[in-house]
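1. the following block contains a protein sequence and its predicted model.
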Amino acid sequence: MNANGVGLTAAVFAVVGVGVGLVAAVGTGWAETALATAATGETARFGPVFVAQSYLAVTATALVGAPLLAGVLGVLFGSRAYDVQEAAATSGIGGGIGALVYGIVVVVLVVASQGEAATQAHGIADAFGPLLTTAVVAAVVGAATGALGSVTG
């Protein structure tokens, strides 16, 4: 395992997580304004439910990006590695840790952006199970693509 490779992979995940989290916060804020804050009539009555669904959908969509990023970084790191096991271990551990950091950053930014109309939206603790699942999947994807990338290098 290459500790520098693990650290670099996790750092890339963190930077991308901040970007995705900020865009997700803007998107959910827009949804909250459109569906609850500025709504009238029946939309205002059901607005908090729509807002909660928007927060959930945006968070889930953001988490889908973690295995994709693990795959790309795995192939990139693996293509520069000399050993299949090293590439798989580095990309797998880096992808798992990185995805966990990515997910935490995204969830914290989305939850921190919740306004008054988001009373039914998820909290940080609610996302813990999906965060762990995402990290495990990203670790497996990272390890597999790291090994594949090492064959091409």
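-> Received the coordinates, thanks. Please read these numbers as outputs of a predicted model, since none were measured by experiment.
2. in the lowest-mean-pLDDT helix or strand in the chain, what's buried?
-> Lowest on mean pLDDT, DSSP states H and E among the helices and strands of the chain sits helix 41-78, with a mean of 84. Using 16 or more other C-beta atoms under 10 Å as the test for burial, helix 41-78 gives 47-48, 50-52, 54-56, 58-59, 62-63, 65-67, 69-71, 73-78. Glycine gets a C-beta too; all of them are placed from N, C-alpha and C.
3. same question, stretch 142-153
-> Residues of stretch 142-153 classed as buried: G142, A143, A144, T145, G146, A147, L148, G149, S150 (neighbour count, 16+ other C-beta under 10 Å).
4. which other residues reach that stretch?
-> Stretch 142-153 has contacts (C-beta atoms under 8 Å, 6 or more residues apart in numbering) with 9, 70-84, 86-96, 98.
5. could you check the angle the helix or strand that the least confident helix or strand of the chain is followed by makes with helix 41-78?
-> Note on helix 41-78: by DSSP states H and E, the next helix or strand toward the C-terminus is helix 84-112. With axes from the mean of the first three to the mean of the last three C-alpha atoms, to 10 degrees applied, the angle from helix 84-112 to helix 41-78 works out at 160 degrees.
6. following helix 84-112, which helix or strand shows up next?
-> Past helix 84-112, the next helix or strand by DSSP H and E is helix 128-152.
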